[in-house]
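Q: requesting a structural model of the entry that follows:
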Amino acid sequence: MSSMPNQIAAVGDADSVLGFAALGIEAVAVSDAEKAEHEVFRLAKAGTAVIFITEQIAEQIQPLLDRYATQPYPAIIPIPSNQGGTGLGIQQLKRNVEKALGADILFGKESGN
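A: Predicted structure coming up:
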């Protein structure tokens, strides 16, 4: 029986992710989409359970992230960078809640409205 992954990592620009290392989270600094794709793939292959990724980087590699969306691991969670957020994280959270419940409990609207 395979064991559940238990690692957590953060991927993004250096200024945004280096603080995660102080929390015992693997901080992976990337400067472009190609490096980000390589690192997300590497982390997923290594069995990382949760990957926090800055919204700016996530938007650049969305097709790769979409491939992991239907798999239980890794959970890829967009977060704002140190320069602020783009709204991607909350959009994905809203979409996932609507898919699971059929209603938008975060903003109080039913699906389809």
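Q: those strands in the protein, which residues are they?
A: 7-12, 26-29, 48-54, 75-79, 103-104, 109-110 (DSSP state E).
Q: hey, least reliable of those by pLDDT?
A: Ranked by mean pLDDT, those bottom out at strand 109-110, which scores a mean of 52.
Q: check what pLDDT I61 gets.
A: Per-residue pLDDT puts I61 at 95.
Q: contact partners for it?
A: With contact set as C-beta atoms under 8 Å, 6 or more residues apart in numbering, I61 has these partners: A33, A36, E37, V40. Every residue, glycine included, has its C-beta placed from N, CA and C.
Q: ok so, going back, how about a markdown table for the strands of the chain, with distance to P63 and mean neighbour count added?
A: Shown next, in a markdown table, are these (distance: least, C-beta to C-beta, whole Å; neighbours: other C-beta atoms under 10 Å):
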| stretch | distance to P63 | mean neighbour count |
| --- | --- | --- |
| strand 7-12 | 16 | 23 |
| strand 26-29 | 19 | 18 |
| strand 48-54 | 14 | 23 |
| strand 75-79 | 13 | 19 |
| strand 103-104 | 26 | 15 |
| strand 109-110 | 28 | 12 |
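Q: closest one to Q60 among the ones you listed?
A: Closest approach to Q60 among the strands of the chain (C-beta to C-beta): strand 48-54, 9.8 Å.
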